[in-house]
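> Provided below are the primary sequence and the corresponding predicted coordinates.
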Amino acid sequence: MESSNGYFQVADFVIFGGILLSSAAIGIYFAYKDRRDETIENYYFGRRNVSPIFYLGITVYLPALALSAVTILELKWTIAITSIVCTFYTTIGGLKAVVWTDLLQSLIMLGGVLSLFIRATLLYGGFGDIWDAAERGNRLNFFKLDIDPRIRSSTWTHLIGGAVGGCYSACCNQVTVQRYLSCDSVRSSRIAVWLQWIPSTILLMLCVANGLVLYAYYEGCDPVLSGLVAKSDQTIPRLALELFRDMPGMAGMFVSAAFSGTLSSVSSGVNSLSALALEDFVLRFFPTIPKRKKMLCSKLLSKFH
């Protein structure tokens, strides 16, 4: 049953805390495993023996805002928890810790959004009623073929905007390029590029489907205007709390999925910014710095970012 104050139950906190501890544990593992291989090559590129599969950029603020909607934690504390955990395992574990935590967090993200979709579909007796609600509210604008560029959301804005955004993410993003360099060959990099589209596409489709679920569930009763949540960004975690009120732990699983996206994004960004700062600023003025000092500088830069 849902707690009287509408917040997480003990099982939800256990699952959420377990995700954070697992990410930290991966960082500790690689810090210990590679304790005799403290080189820049290993710290930033994993000895070019890492094949990254999945990456999703999400800011720290939105998941922190989501968690604050379903727990007694204030927004500032949820942001602090995320930042501390990310900085910890990224700093001590390097790229290997980042990539392996990315894998763990990707599975959690997929599991979280999939569980919400399945639960909602079962409660509605199928996806048909959800689709009908979206049609009644004119929410299926993806199929709008109007070429007017002033229209925010249409078939063309999604296809063209998605293609341009995808090209940037796959070809120009520092985080992505660094992962290409961590592969042992150009062929491995190309395989990684193609493989990442599979989970990314599945996750995107599930997120869209959950958006339709959200609209159908609150059709005729805006959760923001009714005071159920303070901001629209908090509606999905509130929906998860209501759908899983008889299943302790599942709401925690879903919110953990949102936080996994943040952990993945922040840790990747911290590692990449650290590499850029070292290469473009430190080594530019101190090119002969000893190996051990390079590693120390890299870890300090990771903590700083």
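Arrived safely.
> gap between Leu140 and Ile236?
Distance of Leu140 to Ile236, computed by Cβ to Cβ, to the nearest Å: 19 Å. Quick note: C-beta positions are derived from backbone N, CA and C, even for glycine.
> which of those two has more residues huddled nearby?
Ile236 (23 against 11; other Cβ atoms under 10 Å).
> I'd say that one and Cys207 touch.
No - with contact defined as Cβ atoms under 8 Å, Ile236 does not reach Cys207; the gap is 9.4 Å.
> where do the contact lists of those two overlap?
Here Ile236 and Cys207 have no joint contacts, going by Cβ atoms under 8 Å, 6 or more residues apart in numbering.
> tell me where this structure has helices.
10-33, 40-45, 61-70, 75-124, 128-136, 155-171, 174-182, 186-217, 235-243, 250-277, 283-285, 291-304 (DSSP state H).
> JSON lines for these, including distance to Val229?
Output for the helices of the chain, formatted as JSON lines (distance: least, Cβ to Cβ, whole Å):
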{"stretch": "helix 10-33", "distance to Val229": "17"}
{"stretch": "helix 40-45", "distance to Val229": "41"}
{"stretch": "helix 61-70", "distance to Val229": "6"}
{"stretch": "helix 75-124", "distance to Val229": "13"}
{"stretch": "helix 128-136", "distance to Val229": "20"}
{"stretch": "helix 155-171", "distance to Val229": "27"}
{"stretch": "helix 174-182", "distance to Val229": "31"}
{"stretch": "helix 186-217", "distance to Val229": "11"}
{"stretch": "helix 235-243", "distance to Val229": "5"}
{"stretch": "helix 250-277", "distance to Val229": "14"}
{"stretch": "helix 283-285", "distance to Val229": "48"}
{"stretch": "helix 291-304", "distance to Val229": "35"}
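> rank the ones you listed by pLDDT, which is bottom?
Note on the helices of the chain: lowest mean pLDDT is at helix 40-45, with a mean of 53.
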